[in-house]
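J.: Just need the structure, nothing else, for what follows:
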Amino acid sequence: MAQFTIPTFQEVYDRMKADAESRPRQNGPVALLARVVENIFLLVFAGAIYGCYLAVVRLGEQLFYNTADSNYLADHMTLNGLNIKPATRASGTGRFFLTGTPPIVIVQGSEITDTNGLIFRTTEEETLTGVYIDIVVEALLAGAGCASDAEKMELVTPISGVNNTIEMVVKTTGGTDVESEEDQITRLYQLKQNPPKSGSIGDYERWTLSVAGVGRAWVFPADKWVGAGTVGVLFATNELEVVSPTVKQNVEDYVESVRPVVALVDYVDPEILDVDYFIDIDPNITTYQDLIDDALRDLHFFEATPGGTILLTRINTEIGKTNVTNFEITDIKVNDVSVGVTDLTSTGIQLLRFRSVTYSDLT
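T.: Coordinates of the predicted model:
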């Protein structure tokens, strides 16, 4: 089928000009170059018609998920019964130590901070009656980049009878931005390609991906899990990190509320295997390094699956697509153990996650 191509403004104007000049007049055809007023009208009308062409094309683009504007994409999500996932907060567990006479109430929203100024607050009111109490804390601000790897934090406002230093028994993790348009498109296509049924693999994947904080999900049916009547649901963030305990609980609560069939469902964190590459390139410049980093990161995001394999040919192909032609992979490490230059294989619930590339000059 021939593709419709809209005319340019100049083409529209030239057609109208030629048509007008061809009309008979009392003294025969007259060139419009000398008829300034009529020429101006032609320019105005040509501009209006060209604008109509552009509007038709733009409206046509809104019919498809991958070309729709933000507002129309949001409408597609709504019409298909999908919600745009909001930003989530990083969370962890802090240990509050007693220094005074119990009982001491630690109110919900008590704030602690790390040395970088990131602020976290307690999610529940708790009463300190013993030596210490562990309390879940979440970031004050929602979004990615609000987690802290601090092992200790300080109370923003001192609490009488409580040590100012809070020990982080579970470091804060998680925190995601509002769902990107790319992820919205992925979920819309997932729905179209996997129509809702009564608890199919596609259903469990869609339900899990609809929870804020989840970026990837994998579903194992009974024959690939632990037997008849069982389902394994694994999920991770967009960075292929383990989700926070809050997000994991939200997944379980939501899936349990919508699934129509009786099954024993396990909600499992994948076992992350960090992959480090060692690559020689020529020229060894930042531009090429960034291209390779992005290519390998995308490869792991889209093709890494629990218990799956990433072929060495795919790794070389993705690097080659960056137009970096002079390169050689000299080693690959998985969880800091060299595996050589070979296919990357995981088993069970293991998930291969890209971590870094070390570059050297190609000689």
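
J.: ok, Leu299 - contacts?
T.: Residues near Leu299 by CB atoms under 8 Å, 6 or more residues apart in numbering: 310, 314-315, 318, 354. Placement of C-beta: from N, CA and C, glycine included.

J.: Now intersect those residues with the strands, please.
T.: Members of the contacts of Leu299 lying in strands (criterion: DSSP state E): 310, 354.

J.: Weed out the non-buried ones from the contacts of Leu299.
T.: Burial by neighbour count, 16 or more other CB atoms under 10 Å: within the contacts of Leu299 this picks out 310, 315, 318, 354.

J.: Quick check: the third one touching Leu296?
T.: The one in question is Glu318. Yes - the pair Glu318 / Leu296 is scored as a contact, 6.7 Å apart, by CB atoms under 8 Å.

J.: Tell me the one of the buried ones among the contacts of Leu299 nearest Gly109?
T.: Checking the buried ones among the contacts of Leu299 against Gly109 with CB to CB, the nearest one is Phe354 at 37.5 Å.

J.: what are the bridge partners for that closest one, then?
T.: Val275 (DSSP bridges).

J.: Can you read off the pLDDT for it?
T.: We have a pLDDT of 97 for Phe354.

J.: Against Val156, how distant is it?
T.: To Val156, Phe354 is 36 Å away according to CB to CB, to the nearest Å.

J.: State the distance from the spatially closest residue to Thr165 that is not a sequence neighbour to Thr317.
T.: Among residues not flanking Thr165 along the chain, Lys152 sits closest, at 5.6 Å (CB to CB, 6 or more residues apart in numbering). For Lys152, the distance to Thr317 (CB to CB) stands at 46 Å.

J.: Tyr254 too?
T.: Distance, Tyr254 to Thr317, using CB to CB: 38 Å.

J.: The two: which is more packed in?
T.: Between Tyr254 and Thr317, counted using other CB atoms under 10 Å, the more crowded position is Tyr254 (15 against 12).

J.: wait, what's in contact with that one?
T.: Tyr254 sits next to 207, 210-211 when contact means CB under 8 Å, 6+ apart.

J.: Leu73: what's it in contact with?
T.: Residues in contact with Leu73 (CB under 8 Å, 6+ apart) are 65, 181, 184-185.

J.: Likewise for Val105?
T.: By CB under 8 Å, 6+ apart, the contact list for Val105 reads 125-128.

J.: Quick check: bridge partners of it?
T.: Judged by DSSP bridges, the bridge partners of Val105 are Thr127.

J.: Which pLDDT value goes with it?
T.: Looking at Val105, the pLDDT reads 96.

J.: Helices of the stretch 101-250 of the chain, residue ranges please.
T.: Assigned by DSSP state H, counting those that start in this stretch, the stretch 101-250 of the chain shows helices spanning 181-193, 201-209, 245-258.

J.: highest average neighbour count across these?
T.: helix 201-209 (a mean of 20; mean count of other CB atoms under 10 Å).

J.: Report the angle between that helix and helix 245-258.
T.: 140 degrees (axes from the mean of the first three to the mean of the last three CA atoms, to 10 degrees).
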